[in-house]
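# Task: produce atomic coordinates for the following.
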Amino acid sequence: MILRLLLPAADRPGPDAPFAWTLATAQGAVLREGVSSLAEAPRSDAVEAVLPASRVLFARLKLPRVNAATIRELLPFAVEDRLLADPSQVHAVPGATDGAGETLVAVVDRAWFSHVLALLARAGRRPSRAVCESALLATARGEWHAVLCPDRAFLAADDGQATAFDPPAGREPPLALRIALDEAAARGHRPGRLRVHVAAGAAAPDAGHWQERCALPVTVSEAKGLLAGAVAPGAIDLLHGDFAPRPASLTSLRVPRLAAG
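You can find the predicted model right below:
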């Protein structure tokens, strides 16, 4: 069984913060799901952390051909101009490189990520990997997904790139979607279909109108079991570098990471 935990987007969630969770089989069949504190969530041998799209910035960069250790050192500086933040405050992990030589990079706030992982550890929940929620949706080439919730929304491209946006207030498709489609078209990777998943309490869009405005087929369905979806091949696992899981033997001995290295 796998327990998937959607990490709270709040800056510093406390021990009683509500976590959306799904307990599923290895094949993705949902056994139980709910929203509760970590103490009240079910136990499982396998735990995976899912980051909200609003907490992950994706960037496409042309990186130099150097070893992995050097790339890890360079990445925070490579995304500095896009974040307007101190490189020491971010954690960046590279993903796949496309045919044009651009590498998809996922970036998170280091302090927030550290805080939430420490919260999980104190509750005895040590994830084996951590992916953006978009990685649970991007499964077919040329197919994009949009998830609409009452209080948040995000777009998942077919390579797992996520774009968070406010839930649409009117009939028009969100501006973020149209911008993403234009950028994809400029790269020669415009999708062929958009699937919209609507969570309980969110307003369903007019599929025909979105289809006309976005110039691609649009289908609308109820959002169910999204946390239990299979992680897309090549999804960026943010538990790398300083956040890589420590071997159980070292954890029990409380050996500092640098000393272990």
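# how close does residue 62 get to residue 56?
21 Å (CB to CB, to the nearest Å). From N, CA and C alone the C-beta is placed, and that goes for glycine too.
# and those two? which has more neighbours close in?
Remark: of residue 62 and residue 56, residue 56 carries more neighbours, 27 against 10, as counted by other CB atoms under 10 Å.
# In the stretch 151-261 of the chain, what residue spans correspond to helices?
Here the stretch 151-261 of the chain has its helices, by DSSP state H, counting those that start in this stretch, at 175-186, 207-214, 248-253, 257-260.
# So which elements touch the first one?
So that's helix 175-186. strand 153-156, strand 162-165, helix 207-214 (3 or more CB pairs under 8 Å, 6 or more residues apart in numbering; DSSP states H and E).
# okay but residue 211 is in contact with residue 218, surely?
Yes. Between residue 211 and residue 218 there is a contact under CB atoms under 8 Å: 4.2 Å.
# one step back: out of the helices and strands packed on helix 175-186, the one nearest residue 199 is which?
strand 153-156 (9.2 Å; CB to CB).
# helices and strands around that closest one, which ones?
Using 3+ CB pairs under 8 Å, 6+ apart: strand 153-156 touches strand 143-148, strand 162-165, helix 175-186.
# Tell me which residues touch residue 12, please.
112, 115 (CB atoms under 8 Å, 6 or more residues apart in numbering).
# Run the chain-centre distance for stretch 98-111.
Taking CA atoms, centre = their mean, to the nearest Å, the mean C-alpha location of stretch 98-111 is offset from the chain mean by 12 Å.
# And that stretch, end to end?
One end of stretch 98-111 sits 30 Å from the other (CA to CA, to the nearest Å).
# same deal with stretch 153-166?
Stretch 153-166 end-to-end distance (CA to CA) = 6 Å.
# Buried residues, that stretch. List them.
Buried positions in stretch 153-166, judged by neighbour count with 16 or more other CB atoms under 10 Å: 153-165.
# With stretch 191-210 instead?
Buried, per 16+ other CB under 10 Å, within stretch 191-210: 191, 194-199, 202, 205, 210.
# Would you mind giving these as a markdown table with pLDDT added?
Formatted as a markdown table, the buried residues of stretch 191-210 follow (pLDDT from 0 to 100):
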| residue | pLDDT |
| --- | --- |
| 191 | 94 |
| 194 | 96 |
| 195 | 96 |
| 196 | 96 |
| 197 | 96 |
| 198 | 96 |
| 199 | 93 |
| 202 | 93 |
| 205 | 94 |
| 210 | 95 |
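# Closest one to residue 222 out of these, please.
Using CB to CB, the buried residues of stretch 191-210 come closest to residue 222 at residue 198, 6.1 Å.
# for that closest one, which residues make a bridge with it?
Counting by DSSP bridges, residue 198 is bridged to residue 148, residue 222.
# what sits against it?
Contacts of residue 198 by CB under 8 Å, 6+ apart are 148, 204-205, 220-223.
# and the gap between it and residue 226?
Plainly put, residue 198 is 11 Å away from residue 226 if you go by CB to CB.
# which residues of the chain score low on pLDDT?
Applying pLDDT under 70 to the chain flags the ranges 63-87, 138, 247-261.
# ok, which stretches of it are strands?
2-6, 19-24, 30-36, 46-51, 57-61, 90-97, 103-109, 129-132, 143-148, 153-156, 162-165, 193-198, 218-222 (DSSP state E).
# would you list those in JSON lines and tack on distance to residue 244?
Listed next are those as JSON lines, based on distance: least, CB to CB, whole Å:
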{"stretch": "strand 2-6", "distance to residue 244": "18"}
{"stretch": "strand 19-24", "distance to residue 244": "22"}
{"stretch": "strand 30-36", "distance to residue 244": "28"}
{"stretch": "strand 46-51", "distance to residue 244": "13"}
{"stretch": "strand 57-61", "distance to residue 244": "21"}
{"stretch": "strand 90-97", "distance to residue 244": "10"}
{"stretch": "strand 103-109", "distance to residue 244": "14"}
{"stretch": "strand 129-132", "distance to residue 244": "10"}
{"stretch": "strand 143-148", "distance to residue 244": "29"}
{"stretch": "strand 153-156", "distance to residue 244": "25"}
{"stretch": "strand 162-165", "distance to residue 244": "22"}
{"stretch": "strand 193-198", "distance to residue 244": "32"}
{"stretch": "strand 218-222", "distance to residue 244": "37"}
